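# The following block contains a protein sequence and its predicted model.
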Amino acid sequence: MKTALTIAGSDSGGGAGIQADLKTFSAHGVFGMSVITSVTAQNTVEVRSVQHIDINVIRDQMEAVLDDIGADAIKIGMLGSAKIAKAVAEVLTIYNPKHIILDPVMISKSGHHLLETDAVSELKNKLLPLSSLVTPNLPEAEELTGCKIKTKQDVYSASEAIHQLGAQAVLIKGGHFAGNSDDLFYDGETFTWLKGERIQTSNTHGTGCTLSAAIAANLAKGLTMSEAIKTAKAYVTRAIQNSLSIGKGHGPLNHFHNFEKINH
């Protein structure tokens, strides 16, 4: 069985973060492992509090997994602080895994800042150059580039700017655009728009986490980057179409929608 490691924060509500990643890995038939960087107290409505994990414990989690089991692909989500970003980058530099998917989680669906301001430069300088793919949404792409994104030309420019920071490839997610949620994939040479229908639902908690985890799982299984992204986007679309009305705010995706069809 192929393996995938998620390095991210824990979501007590189960819709995003480590919990969403492990569900996604399982749904793709990949053995999932985790390194918890932060514990968040959150639900579908709010993030109540955040506690970062001790740096040495984060390092130990990474080394324990990579020394023994290894990882066919690694997904990085919420890091929280500059110290955590630096430590994760240092360990990854030593082990040099084949596939690293970086989801630069900065703000929760409810608007809570999940990445401290001084950590952005650490993420840009240390982690982007290690990444096989970085998957920012529009606000995150603006934060990484320092430029406003209002038009499709701006998305092209932002993709090139992020690629120049060191990432091998860039996927800018278009969920914050009006109209359809089209994403732009840039591999350093070719731009590819991936069409996405706008699904009218408030149950979108964990969408970004799930997409990056699905891409990592597909890469672990041997798909090319382009195939991994397209397959992951289709999976997320179906997970949103079959989303769960749980909680009073932004409900979660249905990570196991395929299994429900099989069982019924």
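Received, thanks.

# give me the beta-bridge partners of residue 185?
Using DSSP bridges, the bridge partners assigned to residue 185 are residue 171, residue 192.

# give me the number of residues near it?
Other residues near residue 185 number 21, with proximity taken as other Cβ atoms under 10 Å. For the C-beta atoms, the positions are set from N, CA and C on the backbone; glycine is no exception.

# Next: residue 85.
Look at residue 85: counted by other Cβ under 10 Å, it has 26 neighbours.

# Please apply the same query to the one 4 residues further on.
With neighbours defined by other Cβ under 10 Å, the count for residue 89 comes to 19.

# Check which helix or strand it maps to.
Secondary structure from DSSP states H and E places residue 89 in helix 82-95.

# same deal with residue 67?
Remark: residue 67 resides in helix 55-68, with elements defined by DSSP H and E.

# what angle do that helix and helix 82-95 make?
20 degrees (axes from the mean of the first three to the mean of the last three Cα atoms, to 10 degrees).

# in the helix holding residue 89, what counts as buried?
Judged by neighbour count (16 or more other Cβ atoms under 10 Å), helix 82-95 contains these buried residues: 82, 83, 84, 85, 86, 87, 88, 89, 91, 92.

# The helix holding residue 67 packs against which elements?
Packing partners of helix 55-68 (3 or more Cβ pairs under 8 Å, 6 or more residues apart in numbering; DSSP states H and E): strand 3-11, strand 31-42, helix 82-95.

# With just CA atoms, put that helix into PDB.
Output for helix 55-68, consisting of C-alpha atoms alone and laid out as PDB, is shown next (Å, rounded to 0.1, in the frame of the first residue of the first chain):
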ATOM      1  CA  ILE A  55       8.900  22.200  18.000                       C
ATOM      2  CA  ASN A  56      10.800  19.200  19.300                       C
ATOM      3  CA  VAL A  57       7.700  17.100  19.300                       C
ATOM      4  CA  ILE A  58       6.900  18.200  15.700                       C
ATOM      5  CA  ARG A  59      10.500  17.200  14.700                       C
ATOM      6  CA  ASP A  60      10.100  13.800  16.500                       C
ATOM      7  CA  GLN A  61       6.800  13.100  14.800                       C
ATOM      8  CA  MET A  62       8.300  13.700  11.300                       C
ATOM      9  CA  GLU A  63      11.500  11.700  12.000                       C
ATOM     10  CA  ALA A  64       9.600   8.800  13.600                       C
ATOM     11  CA  VAL A  65       7.500   8.400  10.500                       C
ATOM     12  CA  LEU A  66      10.100   9.000   7.900                       C
ATOM     13  CA  ASP A  67      12.800   6.900   9.600                       C
ATOM     14  CA  ASP A  68      10.600   3.800   9.800                       C
END
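
# Would you state the strands of the stretch 101-250 of the chain in chain order?
Along the stretch 101-250 of the chain, the segments classed as strands by DSSP state E, counting those that start in this stretch run 133-134, 170-172, 183-186, 191-194.
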